[in-house]
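Asker: Provide a 3D model corresponding to the input given below.
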Amino acid sequence: MTSKAKTNLNVHQEHIKSLENTLQKISLGGGSDKLAKEKAKGKMTARERIAYLLDEKSEYIEIGALTAMDMYEAEGGCPSAGVVVVIGFIKGRQCVVVANDATVKAGAWFPMTAKKNLRAQEIAMENNLPIVYLVDSAGVYLPMQDSIFPDKEHFGRIFRNNAKMSSMGIPQISAIMGSCVAGGAYLPIMSDEAIIVDKTASIFLAGSYLVKAAIGETIDNETLGGATTHSEISGVTDYKAKDDKDALDKIKNLIDKLGARPQAGFSRLAPKTPRKSMLEVLSEFPTSRTEPYDMLEIIKGLVDHSEFEPYKEGYGKTILTGYARIEGWAVGIVANQRTVVKNAKGEMQMGGVIYSDAADKATRFIANCNQKKIPLVFLQDVSGFMVGSKSEHGGIIKDGAKMVNAVSNSVVPKFTVIIGNSYGAGNYAMCGKAYDPRLIVAWPSANLAVMSGNAASQVLLQIEKAKLKKNKEQISAEKEAELLKDIQDRYNKQISPYYAAARLWTDAIIDPSDTRKWISLGIEAANHAPIKEAFNMGVLQV
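Answerer: Here you go, the predicted model:
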């Protein structure tokens, strides 16, 4: 291994280790003291509940582990937005599991908590997956109620989705395992079936203190809305459990009885290990976001037996398109090529930039995958579309629009992996979050922004200088350098994959070696939802 390869590998491994450490810290929720307090109440923690519920040694993925990271520091923080979401297997059935973490502000709902819950429901609805709610929450975090209560994508949308999923025939099972208050009480009761844990769980529209204040009635919470009340008097809940494990066992038994569902019928053969290891891939993957490399070598580390069948190999070379298998699943891959290549006319084309011919090729390939019912995988390392008079006169806007149209109207499931740059309209054309990928993840090496940090910083610097000049303020060379550094630091923080993951622009930052698992489990989930629409791109400027 060359010294350059060793350097690349060491840097990537340091980023992966940093990610692991961050996730380990986040997994503690509100901290070890609060975890101990939950156990002292006879309760399992959110992550323990999920671990017990999922099939032993089965694979699962966690959605939004980094959600709300560094976002609510003034409120004491909100690790993982106070809720844990996984896609995993219960009694062999792939399900979405949503568990409130009562160690984080008693499981209270912050704005990002609502967004993450909505993302979990979206995944269940798109993929026709059963969803399990493990409820243990104090309800809306009142100091931020104006950012979570009334809007379309706020708290109330959760219950609307409960109703929509019920009408779609998607099974929903809830276990009330702690507090369940006010509007949040509708979530478990709008599920198909509700379980409540004796002594440690309660559910009511208003707790004992509010009841006393509102109507003068004195009553304790257990009598007001405990397990016995709702299982034997009100009939609100369907099953009474003696403890957390009993409740989780009841969920397993219910999932075990679910009937078979029709499938989409995506092609799958026996999985094959790539002949190229991820260590080799990372050693060849430059740490500089501007240094060229061959994306085909990345692909060889992701696909079965490192076999890739290119489509239009000699045309539109700044995008690679072709067929492969990942963990046995047939996929169509659309990937940005970062090497400097020659087009059919012998002209040099910059790597990572989408040219007209590449956009045209990608559009055609996406249409083919829809015609043949093959899921699409987008590997992003894109700087945007080519600019300049030559590109404009050649119709880059028209060709870019065709590609965006194809991505937008694609009916086969799409999966996006951001391995490097994800800038501007390139993010859109390569199936960014706005274009409904079933899952979208980033490697630790990813950057997401309108443009690169250097380019944006120079633009922002000129704006700041113009403001100072307008106010007739002088700016020295030292002041300009200081101003530029401040702008760069601020912008570089915003293009970090952690900034994006905190806001759920991506579902996760992942170890590159887990890429195959994420795509495979994603396609397996998508295979539960038969495609009912025809692919139609509508009106195009051809």
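Asker: Can you list the low-confidence ranges for this protein?
Answerer: 183, 451-457, 465, 542 (pLDDT under 70).
Asker: Now for the chain: which helix has the highest residue count?
Answerer: Assignment by DSSP state H gives helix 3-26 as the longest helix of the chain.
Asker: What distance do you get for the residue lying farthest from the centre of the chain to residue 249?
Answerer: The outermost residue of the chain, judged against the average C-alpha position, is residue 472 (47.1 Å), by CA atoms, centre = their mean. In this view, residue 472 and residue 249 are 75 Å apart by CB to CB, to the nearest Å. For every residue, glycine as well, the C-beta is placed using N, CA and C.
Asker: for residue 413, same thing?
Answerer: 33 Å.
Asker: go on, residue 173?
Answerer: Distance, residue 173 to residue 249, by CB to CB: 12 Å.
Asker: ok, those two, which is more surrounded?
Answerer: residue 173 (25 against 15; other CB atoms under 10 Å).
Asker: Next SSE downstream of the helix or strand hosting that one?
Answerer: Counting by DSSP states H and E, the element that carries residue 173 is strand 172-181. With elements assigned by DSSP H and E, the helix or strand that comes after strand 172-181 is helix 186-189.
Asker: Spatially, what comes nearest to residue 149 if we skip its sequence neighbours?
Answerer: The spatially closest residue to residue 149, leaving aside those adjacent along the chain, is residue 155, at 5.8 Å (CB to CB, 6 or more residues apart in numbering).
Asker: Might one say that the one you found is in contact with residue 139?
Answerer: No: between residue 155 and residue 139 there is no contact, the gap being 9.0 Å when judged by CB atoms under 8 Å.
Asker: Looking at the two, which is more packed in?
Answerer: Higher neighbour count among residue 155 and residue 139: residue 155, with 22 against 19, using other CB under 10 Å.
Asker: if I look at that one, how far off is residue 225?
Answerer: 20 Å.
Asker: got it, and residue 193?
Answerer: Distance from residue 193 to residue 225, by CB to CB: 18 Å.
Asker: These two: who's more crowded?
Answerer: residue 225 (28 against 16).
Asker: what about the more buried one, distance to residue 182?
Answerer: Applying CB to CB, the value for residue 225 to residue 182 is 11 Å.
Asker: Now for residue 20: which residues touch it?
Answerer: residue 511 (CB atoms under 8 Å, 6 or more residues apart in numbering).
Asker: what's the nearest residue to residue 496 if we skip its chain neighbours?
Answerer: With CB to CB, 6+ apart as the criterion, residue 496 has its nearest non-adjacent residue at 7.4 Å, and that residue is residue 447.
Asker: and that neighbour, what are its phi and psi?
Answerer: Backbone torsions of residue 447, given as degrees, to the nearest 10, read phi -130, psi 130.
Asker: So that it lines up with my notes, have the first residue be 36 from now on.
Answerer: Understood, numbering begins at 36; the last thing we discussed is residue 482.
Asker: For the stretch 436-577 of the chain, which segments count as strands?
Answerer: Under the criterion DSSP state E, counting those that start in this stretch, the stretch 436-577 of the chain carries strands at the ranges 449-458, 474-477, 482-484, 543-544.
Asker: Throw these into TSV and include distance to residue 153 and mean neighbour count, thanks.
Answerer: Listed next are those as TSV, based on distance: least, CB to CB, whole Å; neighbours: other CB atoms under 10 Å:
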stretch	distance to residue 153	mean neighbour count
strand 449-458	19	26
strand 474-477	15	26
strand 482-484	21	21
strand 543-544	17	24
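Asker: Looking at the ones you listed, which is nearest to residue 291?
Answerer: For residue 291, the closest of the strands of the stretch 436-577 of the chain is strand 474-477, at 26.4 Å, according to CB to CB.
Asker: Parallel or antiparallel, which strands does that closest one pair with?
Answerer: strand 449-458 (parallel), strand 543-544 (parallel) (DSSP bridges).
Asker: Tabulate the ones you listed (a markdown table), appending distance to residue 234.
Answerer: Conversion of those to a markdown table gives the following (distance: least, CB to CB, whole Å):
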| stretch | distance to residue 234 |
| --- | --- |
| strand 449-458 | 44 |
| strand 543-544 | 36 |
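Asker: With respect to residue 408, which of those strands lies nearest?
Answerer: Smallest distance to residue 408 across the strands paired with strand 474-477 (CB to CB): 13.2 Å, for strand 449-458.
Asker: re the thing from before, format the strands of the stretch 436-577 of the chain as TSV; extra columns: distance to residue 425.
Answerer: As requested, the strands of the stretch 436-577 of the chain are exported to TSV (distance: least, CB to CB, whole Å):
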stretch	distance to residue 425
strand 449-458	20
strand 474-477	33
strand 482-484	26
strand 543-544	37
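Asker: what's the spacing between stretch 128-138 and its chain's center?
Answerer: Relative to its parent chain, stretch 128-138 has a centroid offset of 15 Å by CA atoms, centre = their mean, to the nearest Å.
Asker: Keeping just the C-alphas, turn it into PDB.
Answerer: Output in PDB follows, covering the C-alpha atoms of stretch 128-138 (Å, rounded to 0.1, in the frame of the first residue of the first chain):
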ATOM      1  CA  ARG A 128     -41.600  -9.800   9.800                       C
ATOM      2  CA  GLN A 129     -39.900  -6.500   8.900                       C
ATOM      3  CA  CYS A 130     -41.300  -3.700  10.900                       C
ATOM      4  CA  VAL A 131     -40.800   0.000  11.900                       C
ATOM      5  CA  VAL A 132     -40.300   0.400  15.600                       C
ATOM      6  CA  VAL A 133     -40.700   3.800  17.300                       C
ATOM      7  CA  ALA A 134     -39.700   4.100  21.000                       C
ATOM      8  CA  ASN A 135     -39.900   7.200  23.100                       C
ATOM      9  CA  ASP A 136     -36.800   7.800  25.300                       C
ATOM     10  CA  ALA A 137     -38.100   8.900  28.700                       C
ATOM     11  CA  THR A 138     -34.600   9.800  29.800                       C
END
